[in-house]
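Following is a predicted model, sequence given first.
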Amino acid sequence: MSMIKIDMNSPEFQAELEKTIKFTDKVIKQFKWEYNPQEEVNEGVQLGLARNKIMYSKRFCPCFMVEEVDGKHKSADDRTCPCTPAIEREIPQNGVCHCQIFCTPEFASNKRAEMGIEEVVHQHSRGLTAQECELLLDKSELDSNEIESLIEARDLGMIKFKLVDVREHMEWQMGHIKGADKLIPTSSFFPTLEDSKLSKDENIIVYCHVGSRSSHCARILRDQGYSKISNLTHGIVSYDGDIEK
């Protein structure tokens, strides 16, 4: 199976996207939630839900891997929107669901205030030594600042690694981390991985939307014998560096 590519501009997709937006509007109203004030987060999740509806006939959560079990497609952790973990645990406890599209009014209010605060100092560390870079790449989980610092160091020729996006082709087109080397979508992970010709001995950093799919893929890669794998913990939504479209 080759990489699955869906035309976002096709009448079929646009019709499904319109249905999906009406669906998420209905969910918001039913549970008295609000949308995340970060519109790009909502758009990304809605596009992912529409994509999954076309591909699998269900609105599987786009932040979790979908696998085929006994001839049927199944989402990891049984995540079908609006998913039970979000309703019963995530939103009551954290104020926001895992994908970050649905949140409580209180969370939305705090997020709007946070977004309104002007960033005075760009806080990620600069000028890492080669040894510090190697130490970072030994970590299984990396945050946005660490990824950005490593990309800067790589641009200076101080370190080598591959940055791999495991979201879908459509998400890649919407925007990916500048400096990402490869796209290996979870929907066609194994054949695309084989085609990617990644070395099992090189440093590889994986990322997705909020960190779930990439964490799952990181475990798969380790099981496949890839020895130097790191994950962007909270995904591209947490990344403060340059995004390329």
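Great, that's in hand.

roughly how far is stretch 70-85 from the heart of the chain?
17 Å (Cα atoms, centre = their mean, to the nearest Å).

Give me the buried stretch members for it, please.
74-76, 79-83 (16 or more other Cβ atoms under 10 Å). (Glycine included, C-beta is placed from N, CA and C.)

Just the residues you listed: which are in strands?
Mapping these onto strands (DSSP state E) picks out 74-75.

Please identify which pair of the buried residues of stretch 70-85 lies farthest apart.
Farthest pair in the buried residues of stretch 70-85 (Cβ to Cβ) is Lys74 and Pro82. Separation: 17.5 Å.

So for the helix ranked longest in the chain, what gets flagged as buried?
When the chain is parsed with DSSP state H, its longest helix is helix 11-31. By neighbour count on 16+ other Cβ under 10 Å, the buried set for helix 11-31 is 13, 16-17, 20-21, 23-24, 27-28.

Low-confidence ranges, the chain, go.
Scanning the chain with the threshold set as pLDDT under 70 gives 1-2, 115-127.

so the most centrally placed residue in it, which of the three states?
Geometric centre of the chain, nearest residue: His209, 1.4 Å, by Cα atoms, centre = their mean. Following DSSP: H, G, I helix; E, B strand; the rest coil, the label given to His209 is coil.

so how far is Thr129 from it?
Going from His209 to Thr129 by Cβ to Cβ, to the nearest Å gives 32 Å.

Ok, Gly44 next?
Taken as Cβ to Cβ, the span from Gly44 to Thr129 is 36 Å.

Please identify which of these two sits among more neighbours.
More neighbours surround Gly44 than the other of Gly44 and Thr129, with 25 against 10 (other Cβ atoms under 10 Å).

who does the longest helix of the chain touch, helix- and strand-wise?
Applying 3 or more Cβ pairs under 8 Å, 6 or more residues apart in numbering; DSSP states H and E, one finds that helix 11-31 contacts strand 34-35, helix 39-56, strand 102-103.

Turn the buried residues of stretch 70-85 into JSON lines, including distance to Phe161.
Shown next, in JSON lines, are those (distance: Cβ to Cβ, whole Å):
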{"residue": "Lys74", "distance to Phe161": "32"}
{"residue": "Ser75", "distance to Phe161": "30"}
{"residue": "Ala76", "distance to Phe161": "26"}
{"residue": "Arg79", "distance to Phe161": "30"}
{"residue": "Thr80", "distance to Phe161": "35"}
{"residue": "Cys81", "distance to Phe161": "34"}
{"residue": "Pro82", "distance to Phe161": "37"}
{"residue": "Cys83", "distance to Phe161": "33"}
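
Looking at the buried residues of stretch 70-85, which one is closest to Ser214?
When these are compared for distance to Ser214 (Cβ to Cβ), Ala76 comes out closest, at 12.4 Å.

Just read off the phi/psi values of the residue nearest to Cys81 when sequence neighbours are not counted.
The shortest distance from Cys81 to any non-neighbouring residue, by Cβ to Cβ, 6 or more residues apart in numbering, is to Arg59 (4.7 Å). Torsion angles at Arg59 (phi, psi; degrees, to the nearest 10) stand at phi -90, psi 70.

what sits against Arg59?
Arg59 makes contact with 20, 23, 49, 52-53, 80-81 under the criterion Cβ atoms under 8 Å, 6 or more residues apart in numbering.

how far away is Val45 from Met65?
Val45 is 16 Å from Met65, by Cβ to Cβ.

Show me the protein divided up by domain.
Domain assignment for the chain by automatic domain parsing gives 11-116, 130-240.
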